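1. Kindly generate the corresponding structure for this input.
(one chain, ligands or ions: 1)
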Amino acid sequence: MSKCKEISKLISDSMEQKLPLKQQLGIWLHLIMCKKCREYRIQMMMVRQVIGKYVNADGTGYKKNRLSGKSRNHIKQLQKEDGKKRGSGQMK
Ligand SMILES: [Zn+2]
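-> Have a look, this model is predicted:
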């Protein structure tokens, strides 16, 4: 695994859970040297910010109260279509 691949995986891990100090240091040392990974980290944070507005922190379900009726219907519609494609209304 290349260093950048390793670091980008650690970066996404660090968004899900708290990493051991040694790994955090590893990320930071690499970020100082590597512009690509710095940009990757910024992108990840922006994506998570956007997602975080609509999805619970643990990734389960939508924050219904923060969605407008319109987007809620849109999501329902998408889920319905998805269920049809799979031939079952159940999401797993
Ligand atoms: Zn890198």
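2. So which bits of this protein are right by the ion?
-> Within the chain, the residues that sit near the ion (CB under 5 Å from the ion) are 4, 34, 37. Heads up, the C-betas are built off the backbone N, CA and C, glycines and all.
3. isn't the first one right up against Cys37?
-> Think Cys4. Yes - in terms of CB atoms under 8 Å, Cys4 counts as a neighbour of Cys37; the distance is 5.8 Å.
4. overlap in contacts of these two?
-> Here Cys4 and Cys37 share the contacting residues His30, scored by CB atoms under 8 Å, 6 or more residues apart in numbering.
5. Show me which of those two is the more surrounded one.
-> The neighbour comparison of Cys4 against Cys37 (other CB atoms under 10 Å) goes to Cys37, with 21 against 13.
6. In which helix or strand does that one reside?
-> Take DSSP states H and E as the rule and Cys37 turns out to sit in helix 35-54.
7. For that helix, buried residues please.
-> Neighbour counts using 16 or more other CB atoms under 10 Å place 37, 40-41 of helix 35-54 among the buried residues.
8. Now find how far off-centre it is within its chain.
-> Chain-centre distance of helix 35-54: 8 Å, with CA atoms, centre = their mean, to the nearest Å.
9. so after it, what's the next helix or strand?
-> Moving toward the C-terminus from helix 35-54, the next helix or strand (DSSP H and E) is helix 69-86.
10. tell me the mean pLDDT for that following helix?
-> Helix 69-86 shows a mean pLDDT of 78.
11. Report the backbone C-alpha coordinates of that helix in PDB.
-> Coordinates of each C-alpha in helix 69-86 appear next as PDB, following Å, rounded to 0.1, in the frame of the first residue of the first chain:
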ATOM      1  CA  GLY A  69     -41.100  18.000   3.500                       C
ATOM      2  CA  LYS A  70     -40.000  18.200  -0.100                       C
ATOM      3  CA  SER A  71     -36.700  16.500   0.400                       C
ATOM      4  CA  ARG A  72     -38.300  14.000   2.700                       C
ATOM      5  CA  ASN A  73     -40.700  13.000   0.000                       C
ATOM      6  CA  HIS A  74     -37.800  12.900  -2.500                       C
ATOM      7  CA  ILE A  75     -36.000  10.400  -0.300                       C
ATOM      8  CA  LYS A  76     -39.100   8.300   0.200                       C
ATOM      9  CA  GLN A  77     -39.600   8.300  -3.500                       C
ATOM     10  CA  LEU A  78     -36.000   7.100  -4.000                       C
ATOM     11  CA  GLN A  79     -36.400   4.400  -1.400                       C
ATOM     12  CA  LYS A  80     -39.600   3.200  -3.100                       C
ATOM     13  CA  GLU A  81     -37.900   3.000  -6.500                       C
ATOM     14  CA  ASP A  82     -34.900   1.300  -4.900                       C
ATOM     15  CA  GLY A  83     -37.200  -1.300  -3.300                       C
ATOM     16  CA  LYS A  84     -38.900  -1.900  -6.600                       C
ATOM     17  CA  LYS A  85     -35.600  -2.600  -8.300                       C
ATOM     18  CA  ARG A  86     -34.700  -5.100  -5.700                       C
END
